[in-house]
Each structure stands twice: as structure tokens, then as C-alpha cells.
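>>> Have a look; sequence and predicted model below, questions after that.
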Amino acid sequence: MSFDPSGFAVHNGNFLGLPWSPEESEIVLLGLPWDVTTSYRDGTSRGPQAVIDASYQLDFSNPFLERGWETRIATLPISRDWLEKNRDLREKASRWISFLEKGGDPSHPEMRKLLDGINEGNEKFHQWVEEECARWLDRGKRVVALGGDHSVSFGAIKAVALRTPVSILHIDAHADLRDAYEGFHHSHASIMFNARKIPGVHNIVQVGIRDWSPDEEKIIRESGITTFFDWDLRAARARGITWHEQCDRILEKLGPKVYLSFDIDGLDPRFCPHTGTPVPGGLDHWEALYLLNRVVESGKELVGADLVEVAPGPEGSEWDANVGARTLYAICQLIKKSG
């Protein structure tokens, strides 16, 4: 197939304007326009399309893999049906959250019925995500899920973990270990609480955490989850411990097969100012990619990934999506390099 990596990008709906079909690909991108349970700022449902749109102006050379443009990455169409369902359920979820914030009784029959409907819709979505990921995994593809809020990771993680035991490398500002936060079984704040129960998830290693609750801290202590808190990473740096050395400590906790769950708010907010729940601090962009490259160079295999919580800025600002697109391209190159 004719493709000029030094030419202009064709706006063909595919990430980077690449020419590959899903059947021809090595890596399949699944855009998931879902932010039903967002608890602070919504907008990440528009993230997948924003990342694809921003990707057309990226160049292809990269530090991880020579001739990276030959990595066959395909982009599945973003489901308009799920986007419409998201809008409907998001409006209902906003009503429920507002009800709670005003001191409403969670057992109120009418409102409880509203919550049950939201949870049922969420469950159907996550089942679809698992089935869609499984369909491509069983054809020998690697799948990268592109959110959307962090809840979208559940089906992708489950599809991979049921096929091969994995360690989850979780880059995030938040621990995401809340039990059905705000009553939502699949809250964005509950993804790791839910993921740790999936058969095949061997362990979870968290990096960059700087916003967590007492209950989450208890789960971390008692469940065997390894958490590298942002403050501890920064304090170690202040004592002269290099980032390379800290990466090696992180690698020691990971098994041979790694699933990457990358919440963009794990980065310093200057890289993601419009993400749903920004927190001061966080990793520099190069630090995150250096860590991922070290994972691959250590001989571990990236068997799946998601990139979540990218939200486009107002008035057409593409900065968040630009960073998201560059991060996604690096993840795809490192998946290819590891396999």
C-alpha cells in the first residue's frame, strides 16, 4: 500500500491518517465516547474524536522504534449509538449527582430507580467493550482503548486478562479504588477497585497517585496493591535518586505481561488542563514515556493498553488532544517494540 510518511496526512478518520484497515493491522484502536459517571467536569466523551483530529499534524519518527510508521495501526469507527446513549445517561447521572450533593436521600424510590437505570446502561456498555476487544484479540491483534472517562478501561482489561495473566501498570493522579462511587457500580473513580477482582489480574502497580481517600488508603495497605505516590517520587528525586533508578523499582513489581492503564491526569496538568479531575503535581510527559520504554527494554510485554480522560479544550483548543495523540502514538510504538 502506498504511504508517504513524510507527506501530508489524509484526513480519513484513522489515527494519524494511516491507511491500514483493522484486518490488516497489528494494533486496533477502539474509541470509547463515554463519560456518564464523571463527578467533576465532563467532556472526555469527546476525547477519542479530538485525539484522532489532532493526530493528523504529528510526524512519524520517534525515539522508540525505527520506521515506526510501518507499525500497522487501525482505527475502528467511533460508535454514534454509544455516543447518543452516553448523552442520555450523562444527563440522568447529572441529576442523580446533583440530588446527592443537595443532601438527597439515596433510598428515595424514584431516584433509586433513576440510579438503577444508569447502572444498567453502564453495565451494557462495558459488556460491549469487552466483547469488542475480545473480537480483535482473538484475531491476533493488540487492542488500545481510547476514552472517555476511566471507567471505559474495565472491559478492555477484562478481555485481555481473561486470555493471559497481567500486571496492571496504572498511571494516574487518583487511586480509583472507591467502591461504587456516588452509587455508580462502574464509576470512573472505581475502575481499579473493580479491575482487581478480574480473574487474570495478577497485581496492580500505581504510579503518580496524589489524590486518594482514607478508604482507598486502607485498600492499598490490605490488598497488596503497590502504589508509588507522587510525593514519594518527588521526595526521592530531591534526595538525589534518579528517575531511572525509580523506574527500576517500579519494574520490580511488574510481572512479565503488562496491561497499561494511562489516565492523562497522571501527568502534570500543564499537559492536560481540561481533563475531568486535574490535580497539581504529576509526571512530566518525558518521565511517563521513559518509564514505559524501560518496561519494554526490561523484556516485559505490553499486551494491551488504554489512554483515558483526555478532554478537548474550549473554543477549539487542541492542546490536550495534541498531548493525547503523541502519548497514544508512543504507546502504540512501545506495544510493537515489546512484541
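All right, it came through fine. Residues are numbered from 1 along each chain as shown.
>>> Please, where are all the helices along this structure?
Assigned by DSSP state H, the helices in the chain fall at 47-55, 80-101, 109-137, 153-161, 191-195, 214-223, 230-238, 243-251, 285-297, 319-338.
>>> so which of the ones you listed gets nearest residue 183?
helix 109-137 (5.2 Å; CB to CB). For every residue, glycine as well, the C-beta is placed using N, CA and C.
>>> The closest one: how far from the chain's middle?
Computed by CA atoms, centre = their mean, to the nearest Å, the chain-centroid distance of helix 109-137 equals 18 Å.
>>> Show me what the mean pLDDT comes to for that helix.
The pLDDT scores in helix 109-137 average 97.
>>> quick thing: my sequence starts at 49, can you match it?
All right, first residue 49 from here; so that's helix 157-185.
>>> buried set for that helix?
Buried residues in helix 157-185, defined by neighbour count with 16 or more other CB atoms under 10 Å: 159, 162-163, 166-167, 169-170, 173-174, 177-178, 180-182, 184-185.
>>> Buried deepest among the helices of the chain, which one?
helix 201-209 (a mean of 26; mean count of other CB atoms under 10 Å).
>>> Output the contacting helices and strands for that one.
Using 3 or more CB pairs under 8 Å, 6 or more residues apart in numbering; DSSP states H and E, the elements in contact with helix 201-209 are helix 157-185, strand 190-195, strand 214-219, helix 239-243, strand 305-311, strand 349-356.
>>> Quick one: mean pLDDT for it?
99.
>>> now stretch 361-374
Averaged across stretch 361-374, pLDDT comes to 92.
>>> nearest to residue 253, of the helices and strands packed on helix 201-209?
Per CB to CB, nearest to residue 253 of the helices and strands packed on helix 201-209: strand 214-219, 5.5 Å.
>>> What strands flank the closest one, and is each parallel or antiparallel?
strand 249-257 (parallel), strand 305-311 (parallel) (DSSP bridges).
>>> Mind putting the helices and strands packed on helix 201-209 into a markdown table with distance to residue 297?
As requested, the helices and strands packed on helix 201-209 are arranged in a markdown table below (distance: least, CB to CB, whole Å):
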| stretch | distance to residue 297 |
| --- | --- |
| helix 157-185 | 31 |
| strand 190-195 | 26 |
| strand 214-219 | 13 |
| helix 239-243 | 20 |
| strand 305-311 | 15 |
| strand 349-356 | 19 |
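>>> so which of these gets nearest residue 126?
strand 190-195 (8.9 Å).
>>> Need the residues that contact that closest one.
Here strand 190-195 makes contact (CB atoms under 8 Å, 6 or more residues apart in numbering) with 74-80, 82-83, 92, 95-96, 99, 177, 181, 184-185, 200-201, 203-204, 207-208, 350-358, 376, 379-380, 383, 387.
>>> switch the cut-off to 6 Å
Strand 190-195 is contacted from outside by 75-80, 96, 181, 184-185, 200, 204, 352-356, 383, using CB atoms under 6 Å, 6 or more residues apart in numbering.
>>> Next: stretch 239-252.
Contact with stretch 239-252 is made by 198-199, 201-202, 205-206, 209-210, 213, 215-216, 218, 224-225, 227, 273, 303, as judged by CB under 6 Å, 6+ apart.
>>> Mean confidence (pLDDT) on that stretch, please.
98.
>>> same deal with stretch 378-387?
96.
>>> what do you get for stretch 330-350?
Stretch 330-350 shows a mean pLDDT of 99.
>>> possible to save the helices of the chain as JSON lines with distance to residue 88?
As requested, those are exported to JSON lines (distance: least, CB to CB, whole Å):
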{"stretch": "helix 95-103", "distance to residue 88": "15"}
{"stretch": "helix 128-149", "distance to residue 88": "10"}
{"stretch": "helix 157-185", "distance to residue 88": "17"}
{"stretch": "helix 201-209", "distance to residue 88": "18"}
{"stretch": "helix 239-243", "distance to residue 88": "15"}
{"stretch": "helix 262-271", "distance to residue 88": "17"}
{"stretch": "helix 278-286", "distance to residue 88": "19"}
{"stretch": "helix 291-299", "distance to residue 88": "28"}
{"stretch": "helix 333-345", "distance to residue 88": "22"}
{"stretch": "helix 367-386", "distance to residue 88": "15"}
